[in-house]
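Q: How does the following fold in three dimensions:
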Amino acid sequence: MAPPWLDVLDETIGACVTHRRPDLEARLREKRAQQLDPKLRVLVVGESKQGKSQLVNALLNAPVCAVGDDITTTVPTFVQHADTPSAALVRNASARGSIFHTPTERIAVPIDQVTKQAHSNHVVRAEIGIPRALLDSGLVLIDTPGVGDTRSAHTASTFATLMQADAVLLVSDATGELTSAEMTLLKKVMEACPNVTVVVTKIDLVPTWRTVVERNRALLARAGVPAKLIPVSSALRLRAAKSGDQRLNTESGFPELLACVQRDIVASADLLARRAVAVVASSAITQLVTPLREELTAHDSTRTAATISTLQEAQRRVDELRRRSARWQNVLNDEMADLISDVEYDLRDRTRKILREIEKTYDEADPAIGWDKFEQWLEDNLNEAATTNFAWLMERAEWVAGKVAKNFPVYREDLIPGSVLPDDLLEPVGKLEKPKIEPFSVPQKLFTGLRGSYGGVLMFGLVTSLAGMPLINVISLGAGALFGGKSILDESDQRLKRRQAAAKNAAQKHVDDFFVKCSKDVRDSGRHIQRSLRNHFSTLAEELQETLLESARSAKRAIQDDQTEREQRMRDGRKELDKLVTLYKRVQSLGGPAMELSA
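A: Numbers count the residues shown, from 1 in each chain. All right, here's what the predicted structure looks like:
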């Protein structure tokens, strides 16, 4: 049987259909489908390195989420009940290079390989199943990537998952009080899900954690945020679970947290659902009421002059939008051209430095000795050059996005897209081919020495024969030995120079291949970034223009309608507005935020 508050949600969906808002309708239908799912999703969010993954492990007393200084959660990880331990990765097999992905493929993986394999392309989430009593009631714990820069792909995936949450645990460690960024994050989370608990972690590392907790409570009170705050230590909890020390477990703070989860989340699933429905429905009704109220004002016969002024202002804003649209497009084209040129030059400069080092190395070194070490050095330097170059590309791309946003007709921080970079930035270049190294064997040395000594014996033998000495004598033999040794040395030098030239040519060819491949990747990435930014801001401009045009059309209709039609439209509009206000009050009765919406 469907929950009773779904009737209110269905009425809100009907209102969205009536007022032609398919975007709000789709969002509410997604929320309705979620309400029919028996699972209870609890999202664990927070900035990086705050102890989110360790908190999930401590709650379940199982190492389901990898932790460590060199390990970072890159995709949301869903931990739910299963009779036997299992794990899977949900991948997006299509939409390559898209900012948003739709799961299309589920691949089973070993449970200890989930974190490592989640770094591969197109993975949108990880799923882990373990047998735990805490999860037996349908509770799902979701570990998320760290929320930092609001434009990063990890942050975008966390906020996308937030729309599915029934409750949220916001994690902040005890090394300092809640920062302004964390308070902003908390308020943004509560706009989508009002059921939030703040968990202060790592209290075992901070002797003054109680002072930090009290300051955080004061901050929440001043900000008017009705969120419960619970201090815990995941390290103490795991140590207590391992040793069976109940006192240590109590000191960890987890009994209070688990009681909160059971009491305020699992046992209060209906209340959480009502609150979540109230938030999303209130937001939708507010967006429906605003244009309706403006239209009623525009149709008021006593405000015809104001309506004409509104029409003129709307037309002026449309013209201004079109004029400024050309400005941000020019900024985008100019900045992307400069970006691609600068990044290509940087890549060329880095490869030239590597080539100069190769020339310097093989002016003296012998490729026959230590080639493997040189090959590894070259690959490391090329990889470093590519990584540094693409890191600069990403940094400049974000800067370009910010500059374009500032030249957009209406500048806001949230205009900047979450991610504009392709998934497969770096692809490996072929392996360095080892040059042909000519051996100088003992028979070859002997043959070269004999060939050189022949001239010495003959030359000095003829000279000494004039003095009556035989052709082959001590002097001619000594000269032959000298000439033979010199021939061997000269041939060795020539072979060394040929080996060095071959090594330089092989390295030069490999570096050229690397530059051609990476420069193409730079251009392709630049074009992808430019297309993504152009499409993103074009969509925003079209939405803004449609809003302005709709305002202009509403004002124009108000002017053109005769008095009878105007009055009828006002009666109908007021009736619809009254319905929305009544529906809003019903939504508020579900447990939504205390807000006023009058007719």
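Q: Next, the buried residues of stretch 182-202.
A: Buried positions in stretch 182-202, judged by neighbour count with 16 or more other CB atoms under 10 Å: 182-183, 185-186, 189-190, 192-202. (Glycine included, C-beta is placed from N, CA and C.)
Q: Just these: which are in strands?
A: Counting by DSSP state E, those place 196-201 in strands.
Q: Out of those residues, the closest to residue 531 would be?
A: When these are compared for distance to residue 531 (CB to CB), residue 196 wins out at 37.5 Å.
Q: for the record, mean pLDDT for the helix or strand residue 390 falls within?
A: Secondary structure from DSSP states H and E places residue 390 in helix 371-406. Mean pLDDT, helix 371-406: 82.
Q: residue boundaries of the helices in the stretch 201-350 of the chain?
A: Remark: helices assigned in the stretch 201-350 of the chain by DSSP state H, counting those that start in this stretch are 209-223, 234-243, 246-252, 254-260, 269-299, 304-361.
Q: Can you lay out the ones you listed as CSV showing mean pLDDT and distance to residue 171?
A: As requested, the helices of the stretch 201-350 of the chain are exported to CSV (pLDDT from 0 to 100; distance: least, CB to CB, whole Å):
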stretch, mean pLDDT, distance to residue 171
helix 209-223, 91, 12
helix 234-243, 90, 10
helix 246-252, 91, 15
helix 254-260, 90, 11
helix 269-299, 74, 19
helix 304-361, 78, 37
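Q: looking at those helices, which is closest to residue 398?
A: The closest of the helices of the stretch 201-350 of the chain to residue 398 is helix 304-361. By CB to CB, the value is 11.0 Å.
Q: and residue 199, what are its bridge partners?
A: With DSSP bridges as the criterion, residue 199 is bridged to residue 171, residue 230.
Q: what's it in contact with, if anything?
A: Going by CB atoms under 8 Å, 6 or more residues apart in numbering, residue 199 touches 55, 169-172, 229-232, 257.
Q: Please tell me how far it sits from residue 397.
A: 35 Å (CB to CB, to the nearest Å).
Q: got a list of contacts for stretch 228-238?
A: Applying CB under 8 Å, 6+ apart, the external contacts of stretch 228-238 come out as 51, 54-55, 57-58, 61, 174, 197-204, 209-210, 213, 216-217, 220, 248-249, 251-254, 256-257, 260, 264.
Q: cutoff 6 Å now
A: Residues outside stretch 228-238 that contact it (CB atoms under 6 Å, 6 or more residues apart in numbering): 51, 54-55, 58, 197-201, 203-204, 213, 216-217, 248, 251-254, 256-257.
Q: And that stretch, what's buried?
A: Neighbour counts over stretch 228-238 (16+ other CB under 10 Å) mark 229-238 as buried.
Q: repeat for stretch 539-551
A: Result for stretch 539-551 [16+ other CB under 10 Å]: buried residues 540-541, 544-545, 548, 551.
Q: State which helix of this structure is the longest.
A: Secondary structure of the chain per DSSP state H: the longest helix is helix 474-560.
Q: Point out the other helices and strands that that one packs with.
A: Packing partners of helix 474-560 (3 or more CB pairs under 6 Å, 6 or more residues apart in numbering; DSSP states H and E): helix 269-299, helix 304-361, helix 371-406, helix 442-465.
Q: Out of those helices, which is closest to residue 73?
A: For the helices and strands packed on helix 474-560, the distance to residue 73 is smallest for helix 371-406, at 20.0 Å, taking CB to CB.
Q: Compute the inter-axis angle for that closest one and helix 474-560.
A: Interaxial angle of helix 371-406 relative to helix 474-560 (axes from the mean of the first three to the mean of the last three CA atoms, to 10 degrees): 20 degrees.
Q: Adjust the sequence numbering to begin at 741 for everything that follows.
A: Let's use 741 as the start, then, which means that last one is helix 1111-1146.
Q: From the chain's centroid, how far away is helix 1111-1146?
A: 17 Å (CA atoms, centre = their mean, to the nearest Å).
Q: Can I get the helices and strands packed on helix 1214-1300 in a markdown table including distance to residue 1261 and mean neighbour count?
A: Output for the helices and strands packed on helix 1214-1300, formatted as a markdown table (distance: least, CB to CB, whole Å; neighbours: other CB atoms under 10 Å):
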| stretch | distance to residue 1261 | mean neighbour count |
| --- | --- | --- |
| helix 1009-1039 | 42 | 20 |
| helix 1044-1101 | 9 | 15 |
| helix 1111-1146 | 8 | 17 |
| helix 1182-1205 | 46 | 16 |
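Q: could I get those helices as TSV with distance to residue 847?
A: Shown next, in TSV, are the helices and strands packed on helix 1214-1300 (distance: least, CB to CB, whole Å):
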stretch	distance to residue 847
helix 1009-1039	31
helix 1044-1101	35
helix 1111-1146	27
helix 1182-1205	58
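Q: for those, which one sits closest to residue 826?
A: helix 1009-1039 (24.9 Å).
Q: now the angle between helix 1044-1101 and the closest one, please.
A: Calculated by the same axes, to 10 degrees, helix 1009-1039 forms an angle of 120 degrees with helix 1044-1101.
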